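Q: Sharing a model prediction with you, sequence too.
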Amino acid sequence: MKNDPGLLDVLACPSCKGRLQYTSDEKLFCDACRLVFDVKDGVPVLLVEEAEPAD
Amino acid sequence: MKALVTGAAGFVGSSLSDALLQAGHEVTGVDCFVDYYARALKEDNLKKARQSSSYNFVEASLVDAELSGLLEGVDWVFHQAAQAGVRASWGADFRIYSDNNVYATQRLLEACLAASVSKLVYASSSSVYGDTRDLPMTESSATRPVSPYGVTKLAGEHLVSLYSVNYGLPTVVLRYFTVYGPRQRPDMAFNRFIRSTLEGGEITLYGDGEQSRDFTFVDDIVAANMAAAAAPVTGELLNIGGGSRITVNEVLALIGDITGREPQVKRHDKQKGDVVHTVADTSRALELIGYKPAVGLREGLSRERDWLQSLDAGLIAAMGAV
Ligand SMILES: NC(=O)c1ccc[n+]([C@@H]2O[C@H](COP(=O)([O-])OP(=O)(O)OC[C@H]3O[C@@H](n4cnc5c(N)ncnc54)[C@H](O)[C@@H]3O)[C@@H](O)[C@H]2O)c1
Ligand SMILES: [Zn+2]
């Protein structure tokens, strides 16, 4: 897989459609919703049910 | 070209993704792994594509994902995602069908308007025709689905046409006639029939076996999608069939042949929502996108058998009961 950094840049939060930040521990974070989305083996998992609340 | 394939972990979507990559295109796949059948099978479908450096995959649902990012720079959209299955579409689960087949399609179309897509190909189904005596089915035949699933696929088609007519979105609707081959869904008849015959088990058959179908090998479906994307046609609706009509009893005999075993069949009453006969007139697809089915039933069934025999026991078990 390409695991395209460009792709990670354009992905958005499925809940608020806002931008996601790619974190240092290789996850995607929505600041507005305080949700952390996993990136499993290079695959962003953008499902609200699977997201972890931050903090 | 850059393609977005929805339902990319499924039977058709994964086969199409592999072919697009093989042809040198860049592919982004999206799928949310609906639990209609085991995730392990879909992960297996994805294995080949994931080895390609031209492939991206995102686990997301078209029902709530923000699609603009996924559509950036995309030329071709192949909308294969759907909740499949005729029988399960009755009753309480209908919401799953209306969400994944109708609402998801509307969201994708809206997102395509804002992007610079040069073609959206929508995977429709012969189930939009329903039971008809008007055979072969041509694109202008009446559409009277006999299952809620068929109703949602037809609604999706209508949405695609509306966006094409009202906004000039370049689209092609393909009506697939029963698809089979490697990676076929475990709930589908040929998959169950071959597995059961190989295992020496009993095949559950709904109806007397004299129902006939136009069966289409998955590579032909894939070729039709690629041709529909590349051809200078828009706003079209095309039947994609396999070129021959055969009864289920004839299929069973053929499966006996290619497995070297006698299929054991237990017959049940016909289920509501099952169509008795389907036959596609594919002359329009030939004329407009040069579509001609290339794989016959004996070869196609043999390739599905080879695939089933190549899977490890864990994946076969994940397919569930025959
Ligand atoms: N297999 C056939 O015989 C046949 C016949 C006619 C039409 N079709 C159509 O072809 C397409 C592919 O069918 P298939 O047999 O490969 O089915 P499949 O179930 O193997 O693949 C469909 C995929 O779509 C995914 N999906 C469903 N809803 C989604 C959503 N909201 N967001 C993201 N992904 C979602 C599922 O997880 C699944 O992996 C479907 O549109 C189906 O209606 C299939
Ligand atoms: Zn958010």
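A: Structure received. Ligands and ions are numbered 1, 2, ... in the order given.
Q: The residue in chain B that ligand 2 sits nearest to: neighbouring residues, count only.
A: The minimum distance from chain B to ligand 2, using Cβ to the ion, falls at B:E66 (9.4 Å). C-beta coordinates here come from the backbone N, C-alpha and C atoms, glycine included. When neighbours are defined as other Cβ atoms under 10 Å in any protein chain shown, B:E66 has 21 of them.
Q: Let me know the secondary structure of it.
A: coil (DSSP: H, G, I helix; E, B strand; the rest coil).
Q: and it, how far is that from ligand 1?
A: 13 Å (Cβ to the nearest ligand atom, to the nearest Å).
Q: so who does that residue touch?
A: B:E66 is in contact with A:L11, A:A12, A:C13, A:P14, A:K17, counting by Cβ atoms under 8 Å, 6 or more residues apart in numbering or on different chains.
Q: close enough to count as contact, B:A38 and B:G320?
A: Yes: B:A38 is within contact range of B:G320, at 7.5 Å (criterion: Cβ atoms under 8 Å).
Q: Looking at these two, which is more packed in?
A: Using other Cβ under 10 Å as the criterion, B:A38 and B:G320 rank with B:A38 on top: 17 against 12.
Q: List the contacts of that one.
A: Here B:A38 is in contact with B:P186, B:A318, B:M319, B:G320 (Cβ under 8 Å, 6+ apart).
Q: Repeat that for B:R175.
A: B:R175 neighbours (Cβ under 8 Å, 6+ apart): B:S124, B:S125, B:S126, B:V128, B:E139, B:L237, B:L238, B:N239, B:I240, B:A280.
Q: ok, the third one - how many residues close by?
A: In this case it means B:S126. 24.
Q: from memory it sits against B:D214, does it?
A: Yes: judged on Cβ under 8 Å, B:S126 makes contact with B:D214 at a distance of 7.3 Å.
Q: shared neighbours, these two?
A: Shared contacts of B:S126 and B:D214 (Cβ under 8 Å, 6+ apart): B:F177, B:T178, B:G241, B:T278, B:A280.
Q: What about the closest residue to the third one other than its chain neighbours, how many residues nearby?
A: Right, the one you point to is B:G241. The shortest distance from B:G241 to any non-neighbouring residue, by Cβ to Cβ, 6 or more residues apart in numbering or on different chains, is to B:A280 (2.7 Å). Here the number of neighbours of B:A280 (other Cβ under 10 Å) works out to 30.
Q: quick one: B:A280 from ligand 1, how far?
A: 11 Å.
Q: Pretty sure that residue sits against B:Y129.
A: No: B:A280 lies out of contact with B:Y129 (Cβ under 8 Å); the separation is 9.5 Å.
Q: Mutual contacts of those two, please.
A: Joint contacts of B:A280 and B:Y129 (Cβ under 8 Å, 6+ apart) are B:M137.
Q: Next, the contact list for residue 51, please.
A: Since you didn't name a chain, this refers to chain A. Counted by Cβ under 8 Å, 6+ apart, A:A51 has contacts A:S15, A:C30, A:L35, A:V36, A:F37, A:D38, A:V45.
Q: not quite, I wanted chain B
A: A:M1.
Q: And the helices in the stretch 51-200 of chain B?
A: With helices called from DSSP state H, counting those that start in this stretch, the stretch 51-200 of chain B shows them at B:94-97, B:104-114, B:148-167, B:189-199.
Q: Reformat those helices as TSV; add distance to ligand 1.
A: TSV is the format used below for the helices of the stretch 51-200 of chain B (distance: least, Cβ to the nearest ligand atom, whole Å):
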stretch	distance to ligand 1
helix B:94-97	8
helix B:104-114	4
helix B:148-167	6
helix B:189-199	10
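Q: Show me what B:L4 is bridged to.
A: Per DSSP bridges, the residues bridged to B:L4 are B:T28, B:V77.
Q: Need the three-state assignment for the closest residue to B:V173 other than its chain neighbours.
A: Distances taken as Cβ to Cβ, 6+ apart place B:L237 nearest to B:V173, at 4.4 Å, with adjacent residues excluded. The three-state assignment at B:L237 reads strand, by three-state DSSP.
Q: just checking, B:L237 touches B:E139?
A: Yes: the pair B:L237 / B:E139 is scored as a contact, 5.2 Å apart, by Cβ under 8 Å.
Q: show me the contacts for the most centrally placed residue in chain A.
A: With distances taken as Cα atoms, centre = their mean, A:L28 lies nearest the centre of chain A, 2.7 Å away. Going by Cβ under 8 Å, 6+ apart, A:L28 touches A:L8, A:L11, A:L20, A:Q21, A:Y22, A:V36, A:F37, A:D38, A:V39, A:P44, A:L46.
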